[in-house]
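[1] Here is my input, please return the structure:
(chains A and B)
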Amino acid sequence: MKKEPVKGLKPLEGAVEGKVVMRFAPNPNGPATLGSSRGMVVNSEYVKMYKGKFILRFDDTDPDKKRPMLEAYDWYLDDFKWLGVEPDRVVYASDRFPIYYDYARKLIEMGKAYVCFCEGGDFKKFKDSKQPCPHRDQTPEVNLEYWEKMLAGGYEDQQAVLRIKTDIEHKDPAMRDWGAFRIRKMSHPRAEIGDKYIVWPLLDFAGAIEDHELGMTHIIRGKDLMDSEKRQGYIYGYLGWEYPKTLHWGRVKIHEFGKFSTSTLRKDIEAGIYSGWDDPRLPTIRAIRRRGIRAEALRKFMVEMGIGTTDVSISMESLYAENRKIVDPEANRYFFVRDPVELEIDGVEPTVAKPPLHPTDSERGAREIKVENKVLLAGDDVEKMEIGSMLRLKDLYNVEITSLEPLQGKFAGESLEALKKAKGRIIHWAPVDGIPVKVRSPDGDLEGIGECGIAKELDKIVQFERFGFCRIDAVSEEEVVAYFSHK
RNA sequence: GCUCCGGUAGUGUAGUCCGGCCAAUCAUUCCGGCCUUUCGAGCCGAAGACUCGGGUUCGAAUCCCGGCCGGAGCACCA
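    Numbers count the residues shown, from 1 in each chain, chains lettered A, B, ... in the order given. From the prediction side, this is the model:
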């Protein structure tokens, strides 16, 4: 039996329209990256497809190694808004410790969890040799006592941990009696939480409880969490719950960006190496937003990538191609010359050039650029010139180069045919009284001069002809700052 | 060490569960050509892949076994 090729995301197994509940559960220890956007887009897309509920859950239960960043909570909300996704519910795991503690107590009472005092290495030895550790057989009563003492601060950091009892002889060592809570006498960055807790749930525990509590029907997550289902399955079994349907995807690498870790990035930002989390050199959502990548392009890109457990190594080119399709028809055209060189032209009368704002949409009208007898050319173009070179200043007139230093030329008519005959290039230019433009790009910052009209395009995407698409980020009397999108 | 996944063109994907319609889809990339007062867009054309070896079968990208390669888990990180 053959199926029709499915456009977009494949149907979700067992999904019923109106009943699907899915979540995206980041640790807000840094802003969303292109990698995280996969989860943001795909989960929300499925929910939309099935008219279900979408939950944003902040898994912010580590005050230490992956300590949440206070601003990042809002950044996530903001990025979702940008993506056009309104979560039906936003949950903070750090608000829900009482729930986790209740279930912990319940499991202890059932004899399915115990307080373990082994040092890390010791437990590993027992576990690796399929031996129960000395604490495994404590009675529920004793465990409860220890647990209360843990919560009351009776033990120091690392001294005790609550484990879920699974099967100490399980053939897969990853399944054997895994840790559910640990002690860390640290405050939580959220003011509401602060010093309230010293016993923190670990991912597999908190996640297991939450996914059930929040009524999740389907979970899509990284394949690094593939074992979670089997581990958490013990809890679901003990409590008689049904596990959601799961799907996994592999790692996403991006050619253009090297390896980034949130912690080193943070240091680099603090050290001023990057201007912030939205520095155009970074693979964060905030950065690509600022660069003028459209949410729709990102969504399409992620949806087309789909869900596969294979690790993928993607190129920004595909995302750019997607974005270009959206942005090209909208973007007004302007001249921007990088590393400008002044060209003086003999034999011309002052005039006004009127290049169209858009090459295929004449209704948009034209820019007006006054020209006396001097213009600015891009340094790159000038380097290729020789004396006698024929060239055309786009939407102006032809010039023949008569001197290189200083750069001078003479008027050479307005005929395009003549230019073609002479095999001249058409190049862009800028008026000598143009506005300084700073372009911030993934490859670093560039300086140049652009038409004054650019200043009217704040927050818009424009195309600098023969240069690329940019988002106009800031405009002041003396300067325009543009963020480079792509060619 | 133990345990789990996965491997389709440069890249990403469809097809794999339920073998034949797959001499393998789509997108991007690359290469030609057309068009264009942008090296953008558009149009036309072309190139490019089933990890390897066995097995089952009339027939295998699809099922089975093994190798190779890649990834992941076994943490008081998420």
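
[2] any idea how chain A splits into domains?
    Chain A resolves into domains spanning A:11-95+A:202-327, A:110-200, A:332-486 when parsed by automatic domain parsing.

[3] any chance of these in CSV, with distance to RNA strand B and mean pLDDT too?
    Any C-beta I mention is one placed from the backbone N, CA and C, and that applies to glycine too. Putting those into CSV (distance: least, Cβ to the nearest atom of the strand, whole Å; pLDDT from 0 to 100) gives the following:
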stretch, distance to RNA strand B, mean pLDDT
domain A:11-95+A:202-327, 3, 93
domain A:110-200, 3, 94
domain A:332-486, 3, 93
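
[4] Dump these to JSON lines, plus distance to residue A:101 and mean neighbour count.
    As requested, the domains of chain A are arranged in JSON lines below (distance: least, Cβ to Cβ, whole Å; neighbours: other Cβ atoms under 10 Å):
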{"stretch": "domain A:11-95+A:202-327", "distance to residue A:101": "10", "mean neighbour count": "18"}
{"stretch": "domain A:110-200", "distance to residue A:101": "7", "mean neighbour count": "16"}
{"stretch": "domain A:332-486", "distance to residue A:101": "46", "mean neighbour count": "18"}
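
[5] of all the ones you listed, which lies closest to residue A:102?
    Between residue A:102 and the domains of chain A, the shortest gap by Cβ to Cβ is with domain A:11-95+A:202-327, which sits at 9.1 Å.

[6] any chance you could read off phi and psi for residue A:432?
    phi -70, psi -20 (degrees, to the nearest 10).

[7] show me the contacts for it.
    A:342, A:372, A:374, A:375, A:376 (Cβ atoms under 8 Å, 6 or more residues apart in numbering).

[8] likewise residue A:65?
    Residue A:65 neighbours (Cβ under 8 Å, 6+ apart): none.

[9] if I look at it, how far off is residue A:202?
    As judged by Cβ to Cβ, to the nearest Å, residue A:65 and residue A:202 stand 11 Å apart.

[10] Same question for residue A:383.
    60 Å.

[11] hang on, the earlier thing: so which of the contacts of residue A:432 sit within strands?
    Judged by DSSP state E, the subset of those located in strands is A:342, A:374, A:375, A:376.

[12] Any idea what the third one is bridged to?
    Beta bridges link residue A:375 to residue A:343, residue A:431, judged by DSSP bridges.

[13] for it, what are its contacts?
    A:342, A:343, A:345, A:393, A:396, A:429, A:430, A:431, A:432.

[14] In those, find the pair that's most separated.
    A:342 and A:396 (15.2 Å).

[15] quick one, helices of the stretch 351-487 of chain A?
    Counting by DSSP state H, counting those that start in this stretch, the segments of the stretch 351-487 of chain A that form helices are A:379-383, A:416-421.

[16] which one of those helices lies closest to residue A:403?
    Of those, nearest to residue A:403 by Cβ to Cβ is helix A:379-383, at 11.9 Å.

[17] Pull the residues that contact that closest one.
    Counting by Cβ under 8 Å, 6+ apart, A:337, A:338, A:339, A:340, A:341, A:343, A:391, A:407, A:425, A:427 sit against helix A:379-383.
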